[in-house]
Every structure is written in C-alpha cells, then in structure tokens.
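Participant: need a structure here:
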Amino acid sequence: MKKTEDAVLIYQKVISEYKSEDEARISAYNWLAKIYEAKRKYKEAINMYEELLKIIKKKEIWGEEYIAPDIMFSLAMNYDCLFEYRKSIPLYKEIIEKYPNYIRIKEVKLRLKGISSLENKEIKNK
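Facilitator: Presented below is the predicted three-dimensional model:
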C-alpha cells in the first residue's frame, strides 16, 4: 500500500511541476487513472482520463488515433462502473464513428449493445 501511495504522490508532483511537459503529464495522468481504477476509485479515475483527453485533443500528438480511443474506452468503462450509462454511451459511439479501426472496436460495440439493451429494459419497466 505504501508503494502505491508513494507512486500517487510522485505522479501528482509530475502533473503539478511539469505543466509544459505534456508527454510527462500524459504518462502521469494515465498511471494515476490505472491506480484509481485498481482501487475502485472510479470518480478519481474519470477525472484523470478527462484531463488526459484534454491534453491529447488540444495538441496533435503522435499516435493520437491509438491513444484517444483507448483513453475514451477506459473512461467509458469507468462511467459504466458507476452506472452512468448516459455518459458512457456517447463515448462508445464516438469511438465507433471516429476510430473504426481501433483494435478493440468489437469490444466497444459489444459494450454499447449491452448497455443499450439494459437501458431499453429500464425504460420498459418504468
């Protein structure tokens, strides 16, 4: 546990002290998000992924077509863990639309289909 807490502090320091170093901040945000996911702190993970997307979308980053859908997919899955499907569905749809060659596109489509069927059942039961 101590090592994880130390890592969190280091990554937070990188984010706050290296504001002009986007590559370092991207890595720090990504690792923080993964740590928070492992601890089931989904809201904190969501915040990290949202910050990552801001950096990636404001800059032209090499490999953006690989990085962005992966971050969006992780973000959507964290929303799913909180049952916030109205936030995850648009992310899944955006991945399908903008990144049709994403390596995990089949998984994205399956998750979207599953969530859509859940929402339809909820609507019918109301």
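Participant: From now on I want contacts and neighbour counts done on CA atoms only, so please keep to that.
Facilitator: Will do.
Participant: so who does the residue nearest the centre of the chain touch?
Facilitator: Residue closest to the average C-alpha location in the chain (Cα atoms, centre = their mean): L75, at 2.4 Å. Taking Cα atoms under 8 Å, 6 or more residues apart in numbering as the criterion, L75 is in contact with 45-46, 49-50, 88.
Participant: how close does it get to E17?
Facilitator: As judged by Cα to Cα, to the nearest Å, L75 and E17 stand 25 Å apart.
Participant: Show me the helices in the chain, by range?
Facilitator: Using DSSP state H, the helices of the chain run over residues 2-17, 22-38, 42-58, 64-81, 85-98, 105-125.
Participant: lowest-confidence stretch among the ones you listed?
Facilitator: Mean pLDDT is lowest for helix 105-125 among those, at a mean of 80.
Participant: tally of neighbours for the residue nearest to E51 when sequence neighbours are not counted?
Facilitator: For E51, ignoring the flanking residues on the chain, the nearest one in space by Cα to Cα, 6 or more residues apart in numbering is Y29 at 7.3 Å. By other Cα atoms under 10 Å, the residues close to Y29 number 24.
Participant: correct me, but Y29 touches E50?
Facilitator: No: Y29 is beyond contact range of E50, at 9.3 Å (criterion: Cα atoms under 8 Å).
Participant: contacting residues around the closest residue in space to A33 that isn't next to it in sequence?
Facilitator: Among residues not flanking A33 along the chain, A45 sits closest, at 4.2 Å (Cα to Cα, 6+ apart). By Cα under 8 Å, 6+ apart, A45 lies in contact with 32-37, 75, 78.
Participant: Please parse this structure into its domains.
Facilitator: As assigned by automatic domain parsing, the chain contains the domains 1-61, 63-126.
Participant: Contacts only, for the residue nearest to E51.
Facilitator: Applying Cα under 8 Å, 6+ apart to Y29 gives the contacts 11, 15, 48-49, 51-52.
Participant: got a list of contacts for stretch 2-9?
Facilitator: In contact with stretch 2-9 (Cα under 8 Å, 6+ apart) are residues 32, 35.
Participant: quick revisit: compare the contacts of Y29 and tell me which is most surrounded.
Facilitator: Y49 (27 neighbours).
Participant: residues contacting it?
Facilitator: Applying Cα under 8 Å, 6+ apart, we find Y49 in contact with 29-30, 33, 71-72, 74-75.
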